[in-house]
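Chemist: mind folding the following:
(one chain, ligands or ions: 2)
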Amino acid sequence: MLRFLTAGESHGPELTAIVEGLPSRLPIRSALIDEQLRRRQQGHGRGGRMRIESDRVEITSGLRFGLTLGTPLTMRIRNRDWENWKTKMAVEGDPPPEAKPVTKPRPGHADLAGVLKYNHDDVRNVLERSSARNTATLVAVGSVARQLLAPFGIRIFSHVVEIGGVEAKKFPKTLEQIPDAAESSTVRCADSEAAEKMVEAIDQARREGNTLGGVFEVVALGVPPGLGSYAHPDRRLDGRLAGALMSIQAIKGVEVGLGFTAARLPGSEVHDEIGYDPEKGYTRDTNHAGGIEGGVSNGQPVVVRAAMKPIPTLYKPLRSVDIHSKESFQASVERSDTCAVPAAAVVGEAMVAWVLALCFREKFSGDSFEEVEAQYRAYMEMVSRR
Ligand SMILES: Cc1cc2nc3c(=O)[nH]c(=O)nc-3n(C[C@H](O)[C@H](O)[C@H](O)COP(=O)(O)O)c2cc1C
Ligand SMILES: C=C(O[C@@H]1CC(C(=O)O)=C[C@@H](OP(=O)(O)O)[C@H]1O)C(=O)O
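Modeler: Ligands and ions are numbered 1, 2, ... in the order given. Presented below is the predicted three-dimensional model:
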């Protein structure tokens with residue numbers, strides 16, 4: 001079974017991820033992981049922390065001469081900011097005077113709920129792990145998943161479709177043209193006119209001490225039919241994708257295919273009619289289902305969208321209450337992102353890659369890469385004869 005664990009505090013020495021259940025002899029390149037880490041750090045609207053960090057992965061187990069061993073793969077990403085936090089984040093000893101407890105929980109963060117749940121007196125003990133800094137490990141894990149899926153022609157990309165109410169409307173004609181258009185935009189939006197307006201909206205929000213959320217779309221091409229299952233609720237591909245996307249900080253909604261729009265349309269405008277072409281096999285003229293029917297991939301591109309709430313730390317502070325004195329106050333801010341939707345889109349890709357890899361491994365479970373490849377080929381051959 002493919003699984004992963006991550007660990008690490010935002011201002012601690014490093015983040016760690018362990019991926020278990022990879023087949024042996026799978027080529028993994030740390031340069032490809034670094035490329036994904038770099039993409040996550042970009043995007044118009046990010047704050048001062050991104051000028052400090054320059055994320056790089058170090059693989060410390062599970063790989064020899066570039067091929068997996070079939071043993072747990074460990075990845076480490078150092079926090080450069082740790083240099084500035086060594087005393088305040090020491091793992092042992094008494095707290096030094098400069099490590100004054102944080103007592104003011106920020107609305108929209110895990111701060112208050114976390115203090116109540118874990119009985120902490122210092123909000124820092126909550127915010128260090130609840131921070132979206134951990135999304136760097138998710139992207140590293142997702143990059144490993146991509147490298148498992150890539151040899152089978154599965155390609156995953158994303159683009160931002162809405163920021164602060166500005167919607168992208170003029171999409172490139174084909175799905176294949178979207179990645180290049182999105183990649184060349186500082187907000188990762190494939191509609192260049194909308195992208196300009198999104199940049200303006202972010203700049204204006206920053207000037208006003210406010211923050212913005214938005215929506216991104218993730219697309220997976222080359223997904224074979226048959227990933228996931230209708231046999232049991234927890235095996236459904238759509239449910240697992242929604243859960244994985246919602247597990248990213250600040251994601252508040254997920255749509256598959258037409259999503260909420262399908263609820264407003266009659267059935268004749270929603271369901272994708274089935275055709276047959278002797279060359280291509282089963283065909284669909286539309287993909288409103290987003291590549292998933294009955295919780296199973298149907299061979300069409302998988303298309304999901306996720307909605308991100310605005311960043312909760314505002315330069316124009318919101319009211320809260322000190323957890324010790326119970327006095328009301330207005331939060332002060334040192335640094336924060338204004339908008340992180342473009343970065344969240346890269347994290348969304350990683351989570352989609354992970355869930356697809358999970359379902360792929362369930363279907364093609366061989367212990368070595370060669371065994372997985374043989375299982376995949378035999379299945380695809382069988383499907384092509386149906
Ligand atoms: C990539 C990324 C960057 C973020 N940057 C910040 C930030 O700079 N400041 C902040 O207050 N919240 C930031 N957030 C959002 C918080 O992590 C998030 O709102 C918080 O965890 C609570 O959201 P939840 O209720 O969904 O967990 C970021 C989220 C993501 C995905
Ligand atoms: C560090 C990252 O994002 C951070 C996520 C985050 C939060 O509260 O979620 C708050 C900010 O961190 P800091 O409080 O250190 O300024 C962001 O920079 C990152 O994406 O790598």
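Chemist: what parts of the stretch 51-200 of the chain come near ligand 2?
Modeler: Proximity of the stretch 51-200 of the chain to ligand 2 (C-beta under 6 Å from any ligand atom) is limited to residues 53, 131-133, 135-136. C-beta coordinates here come from the backbone N, C-alpha and C atoms, glycine included.
Chemist: filter the residues you listed down to just the ones in helices.
Modeler: Judged by DSSP state H, the subset of these located in helices is 135-136.
Chemist: highest neighbour count among the residues of the stretch 51-200 of the chain next to ligand 2?
Modeler: Ala136 (27 neighbours; other C-beta atoms under 10 Å).
Chemist: for ligand 1, see how far away that one is.
Modeler: Separation of Ala136 from ligand 1 (C-beta to the nearest ligand atom, to the nearest Å): 9 Å.
Chemist: give the contact list for that residue.
Modeler: Going by C-beta atoms under 8 Å, 6 or more residues apart in numbering, Ala136 touches 15, 37, 40, 55, 77.
Chemist: count of residues packed around the fourth one?
Modeler: Burial of Asp55 is recorded as 22 neighbouring residues (other C-beta under 10 Å).
Chemist: the first one too?
Modeler: The burial metric for Leu15, expressed as a neighbour count using other C-beta under 10 Å, is 24.
Chemist: that one: which element?
Modeler: strand 14-20 (DSSP states H and E).
Chemist: what packs against that strand?
Modeler: strand 3-7, strand 73-78, helix 135-149 (3 or more C-beta pairs under 8 Å, 6 or more residues apart in numbering; DSSP states H and E).
Chemist: tell me the most buried of these?
Modeler: helix 135-149 (a mean of 26; mean count of other C-beta atoms under 10 Å).
Chemist: for Gln300, which residues are in contact?
Modeler: Applying C-beta under 8 Å, 6+ apart, we find Gln300 in contact with 272, 284, 287, 289-291.
Chemist: in the chain, which helix is the longest?
Modeler: For the chain, the longest helix by residue count, based on DSSP H, is helix 341-363.
Chemist: could you identify the helix or strand that succeeds that one?
Modeler: Using DSSP H and E, the helix or strand that follows helix 341-363 in sequence is helix 369-384.
Chemist: contacts made by that next one with the rest, please.
Modeler: Residues outside helix 369-384 that contact it (C-beta under 8 Å, 6+ apart) are 23-26, 68, 151-152, 224-226, 281, 361, 363-366.
Chemist: in the residues you listed, which residue is surrounded by the most others?
Modeler: When neighbours are counted by other C-beta under 10 Å, Thr68 leads these with 23 neighbours.
Chemist: returning to what we had before: pLDDT-wise, what's the bottom of the residues of the stretch 51-200 of the chain next to ligand 2?
Modeler: For these, the weakest pLDDT value sits at Glu53, with 92.
Chemist: from the chain's centre, how far out does stretch 166-180 sit?
Modeler: Stretch 166-180 sits 20 Å away from the centroid of its parent chain (C-alpha atoms, centre = their mean, to the nearest Å).
Chemist: mean confidence (pLDDT) on it, please.
Modeler: What stretch 166-180 shows for mean pLDDT is 89.
Chemist: buried sites along it?
Modeler: By neighbour count with 16 or more other C-beta atoms under 10 Å, stretch 166-180 contains the buried residues 166, 168, 171, 178-179.
Chemist: how far away is Ala113 from Val123?
Modeler: Look at Ala113 and Val123: by C-beta to C-beta, to the nearest Å, they are 11 Å apart.
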